[in-house]
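Novice: A predicted structure for the sequence below; I have some questions about it.
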Amino acid sequence: MRRSAAASAASKRASGHSSTAVQMYLALLEELDRRRRHNLLAAYKPYERQAEFHAAGATNRERLFMAGNQLGKTRAGGAEWAMHLTGRYPDWWAGKVFDAPVRLWAAGVTGEGTRD
């Protein structure tokens, strides 16, 4: 079966258009992935225990998040610090909200341990 020149040209235009759309879509996906990797705070969704820890900050000056290894203690603390330091609180946030800039300290037994 032979195609007419007009049909062939139309097919090329359509495939070129769809190829451009696919490239644009892939570029958008790459940009979303880049933003997700570089703005971890925006993607932070706490587990139930982490959310309880954050919410307790609204009424308690000091809190303890005691949990086993690899259960998100550092991530929860880091996310909370980042929210307080940037002033960017997500819609679900039920913890303490500061209206003015804050100053936070990090301390540990050794400089190396604090750094790590």
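Specialist: Alright, I've got the coordinates.
Novice: Which residue would you name as the spatial centre of this structure?
Specialist: residue 43 (2.5 Å; CA atoms, centre = their mean).
Novice: Pretty sure it sits against residue 37.
Specialist: No. Taking contacts as CB atoms under 8 Å, residue 43 lies outside contact range of residue 37: 9.0 Å. Placement of C-beta: from N, CA and C, glycine included.
Novice: Give me the below-cutoff pLDDT ranges for the chain.
Specialist: In the predicted model of the chain, residues 1-17, 116 satisfy pLDDT under 70.
Novice: Would you state the helices of it in chain order?
Specialist: Taking DSSP state H as the test, the helices found in the chain are 5-38, 40-43, 48-56, 73-86, 111-115.
Novice: can I get these in TSV with distance to residue 102?
Specialist: Listed next are the helices of the chain as TSV, based on distance: least, CB to CB, whole Å:
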stretch	distance to residue 102
helix 5-38	23
helix 40-43	15
helix 48-56	15
helix 73-86	5
helix 111-115	19
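Novice: Ok, which of those comes nearest residue 100?
Specialist: helix 73-86 (10.7 Å; CB to CB).
Novice: what packs against the closest one?
Specialist: Contact here means 3 or more CB pairs under 8 Å, 6 or more residues apart in numbering; DSSP states H and E; on that basis helix 73-86 packs against helix 40-43, helix 48-56.
Novice: Can you pull out the residues in contact with stretch 78-98?
Specialist: Under the contact criterion CB atoms under 8 Å, 6 or more residues apart in numbering, stretch 78-98 has outside partners 40-42, 44, 46, 51, 54-58, 101-102, 104.
Novice: domains for the protein, by residue range?
Specialist: Using automatic domain parsing, the domain parsing of the chain gives 5-38, 41-115.
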